[in-house]
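Engineer: no letters, just coordinates:
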């Protein structure tokens with residue numbers, strides 16, 4: 001079964017249950033087509049770049065909170081923001097150094113990805129991008145809370161840290177999805 005992406009390219013045997021995930025990622029990443037043949041490296045890079053960009057936004061919000069709260073003498077909130085910035089840095093580093101999938105060469109030890117593998121990867125990408133987007137929204141609320149003195153800025157800052165940490169762990173699980181693509185099954 002094939003469907004077409006926004007540019008009219010036929011997507012390789014994409015099951016219909018993956019279409020919502022592809023569309024969800026396409027809302028954020030224009031040109032994403034669910035790892036069609038010939039564009040797998042580009043799609044992988046686009047997903048990783050979007051995660052880095054979104055985490056950079058979280059870090060920027062936390063930097064603003066840190067600066068304002070440190071100047072105001074609110075050391076607890078400043079400390080919480082600093083901790084979140086460190087988690088953002090760790091996540092960005094993990095994404096930059098992560099394994100890239102789909103390095104398939106003739107006579108290599110790698111097998112071609114199946115539709116099942118691609119489905120797992122597409123779903124995982126969608127979920128990671130959703131998590132990072134939630135972290136951006138919470139960070140934005142935390143910064144707004146410090147600016148207006150409404151709500152609990154420290155609690156929102158700690159929630160942002162928790163979301164970034166969860167995203168870091170969840171993104172790390174992507175390596176397990178890609179690891180399934182690494183080895184060909186050796187027939188004996």
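Structural biologist: It's in. What you are looking at is a predicted structure, and each value in this text was computed from that prediction instead of being measured.

Engineer: show me the shaky parts of this structure.
Structural biologist: Along the chain, segments meeting pLDDT under 70 span 1-40, 100-113, 179-188.

Engineer: got the residue ranges for the helices in it?
Structural biologist: 19-28, 40-72, 75-97, 115-148, 153-172, 174-179 (DSSP state H).

Engineer: list the buried ones in the second one?
Structural biologist: So the one you mean is helix 40-72. Buried residues in helix 40-72, defined by neighbour count with 16 or more other C-beta atoms under 10 Å: 40, 43-44, 46-48, 50-52, 54-55, 57-59, 61-66, 68-69. Quick note: C-beta positions are derived from backbone N, CA and C, even for glycine.

Engineer: helices or strands up against it?
Structural biologist: Packing partners of helix 40-72 (3 or more C-beta pairs under 8 Å, 6 or more residues apart in numbering; DSSP states H and E): helix 75-97, helix 115-148, helix 153-172.

Engineer: hmm, residue 61 is touching residue 144, no?
Structural biologist: No - contact criterion C-beta atoms under 8 Å: residue 61 and residue 144 do not qualify, at 9.2 Å.

Engineer: related to what we said a few turns ago, of all the helices and strands packed on helix 40-72, which one is nearest residue 178?
Structural biologist: helix 115-148 (7.3 Å; C-beta to C-beta).

Engineer: so how far is residue 41 from residue 143?
Structural biologist: In this view, residue 143 and residue 41 are 35 Å apart by C-beta to C-beta, to the nearest Å.

Engineer: now swap in residue 121 and tell me
Structural biologist: 13 Å.

Engineer: what do you get for residue 59?
Structural biologist: 26 Å.

Engineer: ditto for residue 90
Structural biologist: Residue 90 is 25 Å from residue 41, by C-beta to C-beta.

Engineer: what's in contact with stretch 60-80?
Structural biologist: 81-82, 84-85, 88, 136, 139-140, 142-143, 146-147, 153-154, 157-158, 160-161 (C-beta atoms under 8 Å, 6 or more residues apart in numbering).

Engineer: could you flag which of the residues you listed are buried?
Structural biologist: So, by 16+ other C-beta under 10 Å, the buried ones in the contacts of stretch 60-80 are 81-82, 84-85, 88, 136, 139, 142-143, 146, 153-154, 157-158, 160-161.

Engineer: contacting residues around residue 140?
Structural biologist: So residue 140 contacts residue 61 (C-beta under 8 Å, 6+ apart).

Engineer: how much space separates it from residue 161?
Structural biologist: 15 Å.

Engineer: how about residue 65?
Structural biologist: 11 Å.

Engineer: what's the neighbour count on the spatially closest residue to residue 172 that is not a sequence neighbour?
Structural biologist: Nearest residue to residue 172 in three dimensions, chain neighbours excluded: residue 94, at 6.7 Å (C-beta to C-beta, 6 or more residues apart in numbering). If you count neighbours by other C-beta atoms under 10 Å, residue 94 ends up with 18.
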